[in-house]
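Chemist: From the sequence below, what's the structure:
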Amino acid sequence: MEKHQPAAIQYGLGAVLLWSTVATAFKLSLEHLSPAQLLFYASITTWLLLFVILLLKKQLNQVLPAFKASPIRFIQLGLINPALYYLILFEAYDLLPAQQAQTLNYTWAITLSLLAVPFLGHKLTKYDALALILAYFGAAIISTQGQLTELNFTSTLGVALALISTVLWAIYWIINTKNTAKPIVSLFLCFSVGIPVIALVMTVQGQWQTPSTEGLIGAIYVGLFEMGITFILWLYALKKATNTSQVSMLIFISPFLSLYFIYLFLGESIHPATIIGLSFIVVGLVSQQILNKKKMGSE
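Modeler: Below is the predicted model:
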């Protein structure tokens, strides 16, 4: 693919804009669907979208060989994403205000740095440690709404689930580092593995009731713009980029824009602690990215 930085920025901004709407979409959809129902119908939407894309790109014939080459890996990946990760994340959104769930989930990149030490043999730099302290201090501010000494959580279970989801997402990307299949083929296989698991959860929970129109529209939106089209836009942004760091920095716009949409469409009053805590998280992530890059450049 031909490199073109302005196009990369446009793709990246499109992805960021869409990602910024999904916390609101999660919360609105969960008013009409259970977490398992939302995940099932969203996943079916994503699977169909990926199927059409692979069909148009004439890459469907790569799916079975890719699975045969690494069946255990794709089973692991599919069990995590979409199955376990989104089930737990949607449960967190069901229990917490959207502003808390989305900002806590944003610490997954720090969790990835931490887990990369035992799983990938990476070294934890002093900048990683600083980012970790800042990010989790920010998470504590958000979780307690600024009442750090009282540890009075809006929902202790919700906070725990949101943080567990970051661990699962980090593990997904760690396993994915050894994946050599094309990204869209890989994602299609993940959803092919995950959907039967989600269907089993639906059966066990007895949740095969006909969804409402509002719930189904919400699930389709989530399937398209959280799990599908946005991923492809981001992929194109990275492929088009001549400077990937410029593109990757765009992602830091997303949580603040997401808070605006949460306020606008959900009517949540954004707690000052959410802004303060999110600022700690973003400063931690940005400093980690910039300082580690400077260190590598000086070596």
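Chemist: Touching, Gln99 and Ala273? I think so.
Modeler: No: counting by C-beta atoms under 8 Å, Gln99 stays clear of Ala273, with 9.6 Å between them. Using the backbone N, CA and C atoms, a C-beta is placed for each residue, glycine as well.
Chemist: which residues do the two both contact?
Modeler: Ile142 (C-beta atoms under 8 Å, 6 or more residues apart in numbering).
Chemist: Of those two, which one has the most company?
Modeler: The residue with more neighbours, out of Gln99 and Ala273, is Gln99; 26 against 21, by other C-beta atoms under 10 Å.
Chemist: mind checking how far Leu17 is from Leu39?
Modeler: 23 Å (C-beta to C-beta, to the nearest Å).
Chemist: The two: which is more packed in?
Modeler: Leu39 (28 against 17).
Chemist: how deep is Phe137 tucked in, by neighbour count?
Modeler: 15.
Chemist: Please disregard the earlier target; I meant Pro97.
Modeler: Neighbour number of Pro97 under other C-beta under 10 Å is 22.
Chemist: That one - nearest residue in space that isn't next to it in sequence?
Modeler: Take Pro97 and drop its neighbours on the chain: the residue closest to it by C-beta to C-beta, 6 or more residues apart in numbering is Glu268, 5.6 Å away.
Chemist: so the one you found makes contact with Ala98?
Modeler: Yes: shown here, Glu268 and Ala98 form a contact pair, counting by C-beta under 8 Å, at 6.2 Å.
Chemist: how close does Thr180 sit to Leu13?
Modeler: For Thr180 relative to Leu13 (C-beta to C-beta), the value is 30 Å.
Chemist: Which one's more surrounded, these two?
Modeler: Using other C-beta under 10 Å as the criterion, Thr180 and Leu13 rank with Leu13 on top: 15 against 9.
Chemist: contacting residues around Leu60?
Modeler: Phe51, Leu54.
Chemist: Ramachandran coordinates for it?
Modeler: Main-chain dihedrals, Leu60, degrees, to the nearest 10: phi -60, psi -30.
Chemist: re the thing from before, check the secondary structure at the residue nearest to Pro97 for me.
Modeler: Classification of Glu268 by DSSP: H, G, I helix; E, B strand; the rest coil places it in coil.
Chemist: And for the one 10 residues further on?
Modeler: Following three-state DSSP, we place Leu278 in the helix state.
Chemist: Just give the nearest non-adjacent residue to Gly12, would you?
Modeler: In space, Gly12 is closest to Ala237, 3.9 Å off (C-beta to C-beta, 6+ apart).
Chemist: ugh, wrong one, Ala98
Modeler: Lys27 (4.4 Å).
Chemist: what's near enough to touch the one you found?
Modeler: So, once contact is read as C-beta under 8 Å, 6+ apart, Lys27 ends up touching Tyr93, Ala98, Ile262, Leu266.
Chemist: in the chain, what spans have low per-residue confidence?
Modeler: 1, 149-153, 294-299 (pLDDT under 70).
Chemist: And the residue nearest the centre of it?
Modeler: Trp169 (7.1 Å; C-alpha atoms, centre = their mean).
Chemist: Run through who's touching the helix or strand encompassing it.
Modeler: Using DSSP states H and E, Trp169 maps to helix 156-176. By C-beta under 8 Å, 6+ apart, the list of residues contacting helix 156-176 from outside reads 73, 76-77, 80-81, 84-85, 88-89, 91-92, 94-96, 100-101, 104-105, 107-108, 111-112, 114-116, 119-120, 139, 143, 153, 186.
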